[in-house]
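A.B. asks: Need the 3D shape of this:
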Amino acid sequence: MGFLQAVNSLGDLEAGEGLEPYLKDPLEKEGRVIRVYLDILDPLAEVLVVRGVARVDVAHFQSEPAMKRKYLFRERVGSAATWGFTPLHKLGRPKGNREKNREYLFGKTGDWRHDKDSHFFKIRNKLLLEYEATGTMAPGSVDVILTDLEKKIDIVLDDLDPKQSHIIVFGAAYEGQFLYPGEIPAFVAYFQRKLEESLKGEGFHPKAKTRNSREAPIQQEESQVCAICGQVASDFTGLKKVFKFATDDKVNFTPGLAKERAATTFPICLTCLANMSGGREHAERRLTNTSLLPGMRLWAIPEAVGGEAASNIFSGLLKNMEANLENERLQTSGEKSEERFFSHLARKDNAGLAFHFVCWERNNAQELVHMMVEDVPPERLAFLENRWNETMQTFFGDVTKLLSLDMVVRSLYVTLSRLAGKSEADKKVCRDFALKVITRMLQGETLSVATFKKMVNARTSKLIFDSDSWSSAQESILFAHALAEFMTRVNSRRGDYEA
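C.D. replies: Numbers count the residues shown, from 1 in each chain. Predicted structure coming up:
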C-alpha cells in the first residue's frame, strides 16, 4: 500500500488539468519525429476532411510538458488493439540507407497493402482507419493520406538516423506551421472518447456479476469507498489501468486474487486514477534507472515520513533529489566515472523520505515485476554503502571508482551472470538469486552468505573452463569473494543500524 500511496502523492504534486495526467512522452530518450502535414479543409472542424499530404519533414524529439500536451500520446490498451489514442506511429530505429528504409516502410515486395509486417500496413489498419470509423475523419481520408504519403516519404528517407528511435506524427498544415494532434480539436475529442471507453471498459460498475454465471452475482452498492483516498464515489476502475502488471490473477501485487472476484477487489475512483497515472509518468521521467540491471527498469518512488510536517517539505526534498539524479544523468561520458543512482538516494539530505523500489521488465505489451520492496529509508542505503566501502578498502586499498552502492548491485548481477556461463537456464537461476539478494539487502534482512558461497564454488571451475580470458575469470572470482565479505559485514553489523 505504501508504494501505491507514494505514486498517488507524486501525481498529486503536479496534477495537471483535463487530459494531462493520462499523457506520456512517446519516446523515453532523444529521437526523431517524422511530421506528416495533412492538407485538411478546416483543421478546427469537428470532422476532418483530408485532401492529401501537404508536406513531410523530420524534427528532433522534444521532451517538455508543453510538447507532451501537443503529442497527446498514451500507450495503446494492448498490442492487438486496432486503434491508438492519437495519430502517432512508433517506427523504431530505421535502417542504414534509403533502399532498406523503403523496404522497412513498404515491405519486401513493396506491396504494403498485403504485407502485415510493413509499417504502412500497420499505419492504415491499426491506427488511421479507426478515425474514419468513428467519424473523426471524413470517408476516404485514409486512402488519400497513404497514397500521397507513399509519394512524399522519399523526401525524408536520407534524414533518418539509424541510431535513434523515430515516430511518425500525423498533424495538420495550418498557416505555414505544423499543428500537432493536441492542437487539433477533432483529435482531442477522439482521445477523450477513447480514454473514457478504456477507463470504464473493464472497470468497477454497480451490480457487477461474476464471470462464472453459475455463481451468485456479487452485489455492489451504487457508491463505494476508494481504496486509495477513502472517499465515497460511484465511478470506479482498477489498478491495471495504470500498471499492466496489476492483473487480476497476480498474487504478488493486487490483493484479492480470485480472478472471478476482480470486480470487488481494490477499487479506485477516477480522481485517484488520474493521480496514479500522473504519478507513474513522473516516476518514468525522473525516478527510473535502466542501466543497473540489464533489460530491466528500476523505480525508486519516494514518500514523506514523519506525519504532516514531513509532508509539507516533501516537494522540496523531492526536487532536490531529482536535481541530483538529473545532474548525474547529464554528465558526459568523460566526466562520469560511475553511475551513482543508489548513492544519491542515500544522501543525508534525503532524511525524511522512504523509498519504494520496483524492478520490472517490459515484454511486448506485458509488464513483469521481478522485485518490489517498500519503505526503505536512506539511512539503510547509507549503511549498505559504508559496508561496501569497508570491503573495497580491505580488498583493493585506496580506491575511488568502486565505492558506490550501485557497484554492489552491478557487481552482484554481473558476477553471477558470468558464473552462469552460456546456459539460459543457469542464467535465469543466477539472475533470480541476484534479485533475491538485492531484495533482502534493501529490506534489511539477513543475507544468505552460505548459499551464495555454495553457488560460487559450484560454478567456479566451469567459469574458468568457459572463459576466453583468464583475467576476466580472475576478476569475477575476486569480486565473488568481495561480495561474500560484504554480505558477512552487513550481517554482523545489522544490529548497529537497527539500534
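A.B. asks: and G171, which of the three is it?
C.D. replies: Look at G171: counting by DSSP: H, G, I helix; E, B strand; the rest coil, its state is strand.
A.B. asks: What separation is there between it and F341?
C.D. replies: Distance of G171 to F341, computed by CB to CB, to the nearest Å: 37 Å. C-betas here are computed from N, CA, C, even on glycine.
A.B. asks: do P378 as well
C.D. replies: P378 is 13 Å from F341, by CB to CB.
A.B. asks: Which residue of G171 and F341 possesses the greater neighbour count?
C.D. replies: Counted by other CB atoms under 10 Å, G171 and F341 do not tie: G171 has more neighbours, with 24 against 21.
A.B. asks: For that one, give me its contacts.
C.D. replies: R35, V36, Y37, L38, P87, F178, L179, Y180, P181, E183, I184 (CB atoms under 8 Å, 6 or more residues apart in numbering).
A.B. asks: Inside strands: which ones of the residues you listed?
C.D. replies: R35, V36, Y37, L38, F178, L179 (DSSP state E).
A.B. asks: can you map out the helices along the stretch 251-400 of the chain?
C.D. replies: Along the stretch 251-400 of the chain, counting by DSSP state H, counting those that start in this stretch, helices occupy 270-286, 308-312, 314-330, 341-345, 378-396.
A.B. asks: So what pairs up with V358 in the strands?
C.D. replies: Under DSSP bridges, the beta-bridge partners of V358 are W299, M372.
A.B. asks: can you tell me which residues contact it?
C.D. replies: F3, L298, W299, I301, V369, M371, M372.
A.B. asks: where's the first one relative to F187, distance?
C.D. replies: As judged by CB to CB, F3 and F187 stand 34 Å apart.
A.B. asks: Could you do the last one as well?
C.D. replies: Between M372 and F187 the computed distance is 37 Å (CB to CB).
A.B. asks: The fifth one too?
C.D. replies: Taking CB to CB as the measure, V369 and F187 are separated by 34 Å.
A.B. asks: same thing with the third one?
C.D. replies: W299 is 31 Å from F187, where distance means CB to CB.
A.B. asks: ok now do the nearest residue to L27 once chain neighbours are set aside, which residues does it touch?
C.D. replies: Leaving aside its chain neighbours, L27 sits nearest to F61 (5.1 Å; criterion: CB to CB, 6 or more residues apart in numbering). Residues counted as contacts of F61 (CB under 8 Å, 6+ apart) are P26, L27, E30, G31, R32, V33, I167.
A.B. asks: How is the first one assigned, secondary-structure-wise?
C.D. replies: Just to be clear, that refers to P26. Per three-state DSSP, P26 ends up coil.
A.B. asks: That one contacts I167, doesn't it?
C.D. replies: Yes. With contact defined as CB atoms under 8 Å, P26 reaches I167; the gap is 5.3 Å.
A.B. asks: Now list whatever residues contact both of those two.
C.D. replies: F61, L88, K90.
A.B. asks: and those residues as TSV, adding pLDDT and distance to M321?
C.D. replies: Below are the shared contacts of P26 and I167 laid out as TSV (pLDDT from 0 to 100; distance: CB to CB, whole Å):
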residue	pLDDT	distance to M321
F61	93	26
L88	96	32
K90	95	31
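A.B. asks: Among those, which one sits closest to G278?
C.D. replies: L88 (19.9 Å; CB to CB).
A.B. asks: From T394, how far off is M441?
C.D. replies: 19 Å.
A.B. asks: and those two? which has more neighbours close in?
C.D. replies: Each of M441 and T394 has its neighbours counted (other CB under 10 Å); M441 has more, 24 against 12.
A.B. asks: and the residue lying closest to that one once chain neighbours are set aside, how many neighbours does it have?
C.D. replies: Of all residues beyond its chain neighbours, the one nearest M441 is L384 (5.9 Å), with distances taken as CB to CB, 6+ apart. Number of residues near L384 (other CB under 10 Å) recorded here: 23.
A.B. asks: quick one: least confident helix or strand in the chain?
C.D. replies: The least trusted helix or strand in the chain, going by mean pLDDT, DSSP states H and E, turns out to be helix 308-312, with a mean of 53.
A.B. asks: that older thread, M372 and F187: who's more crowded?
C.D. replies: Per other CB under 10 Å, whichever of M372 and F187 has more neighbours is F187, with 26 against 16.
A.B. asks: On the secondary structure side, give me the element for that one.
C.D. replies: Using DSSP states H and E, F187 sits within helix 185-201.
A.B. asks: From the contact counts, what lies against the helix or strand following that helix?
C.D. replies: Heading C-terminal from helix 185-201, the first helix or strand you meet, by DSSP H and E, is strand 224-225. Counting contacts by 3 or more CB pairs under 8 Å, 6 or more residues apart in numbering; DSSP states H and E, strand 224-225 packs against strand 232-233.
A.B. asks: mean confidence for the helix or strand just after the strand it packs on?
C.D. replies: Next in sequence after strand 232-233, counting helices and strands by DSSP H and E, comes strand 236-237. Average pLDDT, strand 236-237: 78.
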